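Peer 1: coords below, sequence missing:
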């Protein structure tokens, strides 16, 4: 029995459906993507839900998912979106009473909203000279978001360590210089999981440095870009836990990267007093019964439902534990071939192989390095085949030499393992 019956409309329509079906079949026949953050594990159980959500209508979420206001149109999933957001807030110590948020079109919108809200809050408190700070390993959307949302602010990027996390010593230097230049407020964008090699900034350490340099909670704002790692951060037994409103002010997470099954993100922010509430509650739009707090006015109603289904589909602690076991297997197997390999979280860094192997497994490559991401769909038998491909590349002399960074990281990890 087919999930959704296909109805013939006309020759052009039917031909286009055949074209899309053929393209999807070609992708499905290839090896799973190992280098980019998009979880494709056990997607088939979601097919009936996809069909239900698009049966005879289009779901349009226009408005606040956390307000109990009846909309003038019925084709929305705002109640389900509110339920999802409540679940996500709880993971970071928040609730609808002290937080606000919505499901975004993706991670870039979440970062842009975070920077915009930080800028608006700091300006509303009377600060005129605001410096936007982020690391050199930040996602490319961060400087773009800063240019769009805080166009009149100076921006500075801070050096990172070999792990791609921001150097707190260098951040301290920037903050000390900011004081001398009469900067009266700091908007800091931290990262939990850089796109390449998953670098994670010490958010609590950054907050402490802000306070030490005279930029307390009133004169500073921290947004976290947690596109991938924010999905599993609270399940990881080794990570430092952060609380919204204490360590940071807002966070954006991409749903498709760790959870998978749809393309969307979420934005969560603290509520801090009447003045900040006035920033969130901006323009009242009568004909849709909402206040316009969003970058995207209309949002698809499907991702919120799919995201909630995905949360319920798995034991996510078990999923993460399996990913960590596969990470450890891959590091050990590649090192047994004589390769310098480093890892952190679900990221494995290795010397760049041939273009053929990189393309086959869709590895993310930068310079002489390549990345494998151990997401839930990266099952052990695929990793075993990948290791054999790497062995053939080594024998053929097609693997690039280890970089200095890889050498240092491996030496550091070996020392840590010995202790």
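Peer 2: That came in fine, so what should we check first? Since the model is a prediction, treat every value here as computed from it, not as a measurement.

Peer 1: show me the contact partners of stretch 294-301.
Peer 2: If you take Cβ atoms under 8 Å, 6 or more residues apart in numbering as the criterion, stretch 294-301 is touched by 53, 59-62, 75-78, 80-81, 102-105, 109, 112-113, 116, 264. C-beta coordinates here come from the backbone N, C-alpha and C atoms, glycine included.

Peer 1: can you tell me which of those residues are in helices?
Peer 2: For the contacts of stretch 294-301, membership in helices holds for 53, 78, 80-81, 109, 112-113, 116, with DSSP state H as the criterion.

Peer 1: on that earlier part again, filter the contacts of stretch 294-301 down to the buried ones, ChimeraX style.
Peer 2: Buried residues within those, as defined by 16 or more other Cβ atoms under 10 Å, are selected in ChimeraX through the command that follows:
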select :53,59,60,61,62,76,77,78,80,81,102,103,104,105,109,112,113,116,264
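
Peer 1: okay if I get the ones in helices among the contacts of stretch 294-301 as TSV plus distance to residue 237 and pLDDT?
Peer 2: What follows is these, written out as TSV (distance: Cβ to Cβ, whole Å; pLDDT from 0 to 100):
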residue	distance to residue 237	pLDDT
53	35	88
78	35	92
80	30	94
81	30	95
109	31	95
112	32	96
113	31	95
116	34	95
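
Peer 1: out of those residues, who's nearest residue 303?
Peer 2: residue 81 (8.6 Å; Cβ to Cβ).

Peer 1: contact partners for residue 285?
Peer 2: With the criterion set at Cβ under 8 Å, 6+ apart, residue 285 makes contact with 291-292.

Peer 1: from residue 298, how far out is it?
Peer 2: 12 Å (Cβ to Cβ, to the nearest Å).

Peer 1: for residue 355, same thing?
Peer 2: Taken as Cβ to Cβ, the spacing of residue 355 relative to residue 298 amounts to 41 Å.

Peer 1: how about residue 146?
Peer 2: Here residue 146 is placed at a distance of 25 Å from residue 298 (Cβ to Cβ).

Peer 1: ok, residue 268 touching residue 101?
Peer 2: Yes - in this structure residue 268 lies within contact range of residue 101 using Cβ atoms under 8 Å: 3.9 Å.

Peer 1: okay, these two: which has more neighbours?
Peer 2: Neighbours per residue, other Cβ atoms under 10 Å: of residue 268 and residue 101, the larger number sits with residue 101, 30 against 26.

Peer 1: from what I see, that one and residue 84 are in contact.
Peer 2: No - Residue 101 is not in contact with residue 84 according to Cβ under 8 Å; the separation is 9.6 Å.

Peer 1: overlap of the contact sets of these two?
Peer 2: Taking Cβ under 8 Å, 6+ apart as the contact rule, residue 101 and residue 84 both touch residue 266.

Peer 1: what's the helix ranked longest in the chain packed up against?
Peer 2: Ranked by residue count and defined by DSSP H, the top helix of the chain is helix 316-336. Of the remaining helices and strands, those touching helix 316-336 by 3 or more Cβ pairs under 8 Å, 6 or more residues apart in numbering; DSSP states H and E are strand 342-344, strand 347-351, helix 380-395.

Peer 1: mind doing that once more with 10 Å?
Peer 2: Here helix 316-336 touches helix 255-258, strand 342-344, strand 347-351, strand 369-373, helix 380-395, helix 404-418, going by 3 or more Cβ pairs under 10 Å, 6 or more residues apart in numbering; DSSP states H and E.

Peer 1: in JSON lines, list those along with mean pLDDT and mean neighbour count.
Peer 2: Listed next are those as JSON lines, based on pLDDT from 0 to 100; neighbours: other Cβ atoms under 10 Å:
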{"stretch": "helix 255-258", "mean pLDDT": "96", "mean neighbour count": "26"}
{"stretch": "strand 342-344", "mean pLDDT": "96", "mean neighbour count": "22"}
{"stretch": "strand 347-351", "mean pLDDT": "98", "mean neighbour count": "24"}
{"stretch": "strand 369-373", "mean pLDDT": "98", "mean neighbour count": "23"}
{"stretch": "helix 380-395", "mean pLDDT": "98", "mean neighbour count": "16"}
{"stretch": "helix 404-418", "mean pLDDT": "89", "mean neighbour count": "13"}
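
Peer 1: for the closest residue to residue 241 other than its chain neighbours, what is the enclosing helix or strand?
Peer 2: For residue 241, ignoring the flanking residues on the chain, the nearest one in space by Cβ to Cβ, 6 or more residues apart in numbering is residue 234 at 6.8 Å. Taking DSSP states H and E as the criterion, no element holds residue 234; it sits outside all helices and strands.

Peer 1: quick check on residue 234: phi, psi?
Peer 2: Reported as degrees, to the nearest 10, the phi and psi values for residue 234 are phi -70, psi -20.

Peer 1: low pLDDT regions in the stretch 1-150 of the chain?
Peer 2: Scanning the stretch 1-150 of the chain with the threshold set as pLDDT under 70 gives 1-5.

Peer 1: residue ranges of the helices in it, please?
Peer 2: Remark: helices of the stretch 1-150 of the chain, listed N- to C-terminal, are 11-28, 47-53, 78-90, 107-124, 141-149; assignment by DSSP state H, counting those that start in this stretch.

Peer 1: for the second one, packing partners?
Peer 2: Which is helix 47-53. Contacts of helix 47-53 with other secondary structure elements, assessed using 3+ Cβ pairs under 10 Å, 6+ apart, are made with helix 302-313.

Peer 1: how about the helix it packs on: buried residues?
Peer 2: By neighbour count, and taking 16+ other Cβ under 10 Å as the criterion, the buried residues in helix 302-313 are 302-310, 313.

Peer 1: tell me the gap between the longest helix of the chain and the middle of its chain.
Peer 2: 21 Å (Cα atoms, centre = their mean, to the nearest Å).

Peer 1: much appreciated, bye for now.
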